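got a sequence here, can you build the structure:
(one chain, ligands or ions: 2)
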Amino acid sequence: MSPRSTARPVGNTRRVHHDDTTADLARQLDAASDEELLAILAEADAADEAMHASPPRLGSALPVAPGAVEITLLGGLGCRYGMLAGGAGGLLVRTAHTCVVIDPGPAALDWLVRLAQAGHFDFAALDAVLVSHFHPDHYVDVIPCLEGAISARTRPGRPLLAGNTTVMQRFAAFSPYHLRQVDAVTLTHPAGDGDGEPTTKIGDLVVHATPTLHVEEAGRNRTPIGFALDTPGGGIWHTSDTNLYDGLTDAVTAILPDVTLVIAHADATNVNAPPERAALCHLQTRDVLTITEALRPGHVLIQHYDAAYSSQRYRIAQATWLQRRLDAAALPTRILAGAGGLQLTLAEAALSHHTIPLA
Ligand SMILES: [Zn+2]
Ligand SMILES: [Zn+2]
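Residues are numbered from 1 along each chain as shown. Ligands and ions are numbered 1, 2, ... in the order given. Below is the predicted model:
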């Protein structure tokens, strides 16, 4: 008895072909002869070769207006459980001339593909990937981002990978294949540990390393960096993971005197955190008040929440509690609770627009 005349097992079919169209197609192809199947596979080979000879467009994006900068959160979560909840992807920053991804955690690729399909991102335009430190909620999707930038690139020059000392050392060992295809810069703040440049220029963005205090691994508490971005739309400080320590905001002001937006990783348990939990970890809710008093930004956007804070109730309560204190102190800063896909546009050093395009 030939296998084709045997009644087909349905177990796998049920698991794999989960919708009617796929099940219909599977039944139809099950009835095809071997010759017909080989003809289809020859078509697939030809289509695959054509794709490699002439790479497909990997997305599209409306241009950002001159003088503006657009920031999109690739998920709003971070930390171990935020990452395991599927929400840690960092952020996408675009201007009229430049496109960078910062701290692509494991949710980044999925967000970028969705944004590309919805007309908000184009891998061909991705100029750089920036990584603040070697924690998985910040680096896991570096390689797919670089694959996309390298494969789809139509702009002149090569994509850039810029990271702290640990990231660049480890990446050189882990994937020399990718490192050969990008420009590479190690970024270090002079007050931190590591051997690198304090600043790099990417198109119309100037990216400065800011110092942190955060345990990257044993013996590496001063190697992580944050980013101060001098953009056409205003100054942005992305704190990355850090404690608030004496001198941190002074160091930021020395680099970026006018901060329009702070993207604060104020995520720990939080208002009543025990000191041992807060040590060498992340910003706490109360730290946002100190930062705001020192830097007087127009807005503070909170992201990199731990998984519990995927509850909107907690995020909005945190933002409301902070806003009340800022209002009472007559500080004009507005607090924004982060959310996956939240997109902000800054122009003329002020927030001009915010929306969630994929909601
Ligand atoms: Zn983190
Ligand atoms: Zn970290």
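
any buried residues in stretch 213-226, and which?
213-216, 220-226 (16 or more other CB atoms under 10 Å). Where you see a C-beta, it was placed from the backbone N, CA and C, and this is true even at glycine.

what does the domain assignment say about the protein?
Per the record, the chain has its domains at 3-53, 59-355, by automatic domain parsing.

list the helices and strands the stretch of helix or strand Ile71 belongs to packs on?
Assessed by DSSP states H and E, Ile71 sits inside strand 68-73. If contacts are counted by 3 or more CB pairs under 8 Å, 6 or more residues apart in numbering; DSSP states H and E, strand 68-73 sits against strand 91-94, strand 234-238, strand 343-347.

which strands border that strand, and is each parallel or antiparallel?
If you go by DSSP bridges, strand 68-73 pairs up with strand 91-94 (antiparallel), strand 343-347 (antiparallel).

can you name the element that comes right after the shortest one?
Helices and strands here follow DSSP H and E; after strand 91-94, the next one along the chain is strand 99-102.

who does that next one touch, helix- and strand-wise?
Helices and strands touching strand 99-102, by 3+ CB pairs under 8 Å, 6+ apart, are strand 91-94, strand 128-131.

alpha carbons only: can I get the last one in CSV?
If I follow you right, that is strand 128-131. Presented in CSV, the C-alpha positions along strand 128-131 are these (Å, rounded to 0.1, in the frame of the first residue of the first chain):
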residue,chain,number,x,y,z
ALA,A,128,22.7,52.8,13.8
VAL,A,129,22.0,50.5,16.7
LEU,A,130,23.0,51.9,20.1
VAL,A,131,23.4,49.6,23.1
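
list the buried residues in that strand.
For strand 128-131, by 16+ other CB under 10 Å, it's 128-131.

check whether whatever helix or strand comes next after it contacts ligand 1.
Going down the chain from strand 128-131, the next helix or strand is helix 136-139, by DSSP H and E. Yes: residues of helix 136-139 contacting ligand 1 under CB under 5 Å from the ion: Asp137.

go through helix 136-139 and flag the buried ones.
137-139.

what sits up against the helix or strand following it?
The helix or strand immediately downstream of helix 136-139 is helix 142-152, counting by DSSP H and E. For helix 142-152, the surrounding residues in contact (CB atoms under 8 Å, 6 or more residues apart in numbering) are 55, 57-59, 101, 104, 108-109, 112, 122-124, 126-127, 129, 131, 158-159, 161, 167, 171, 175, 178, 181-182.
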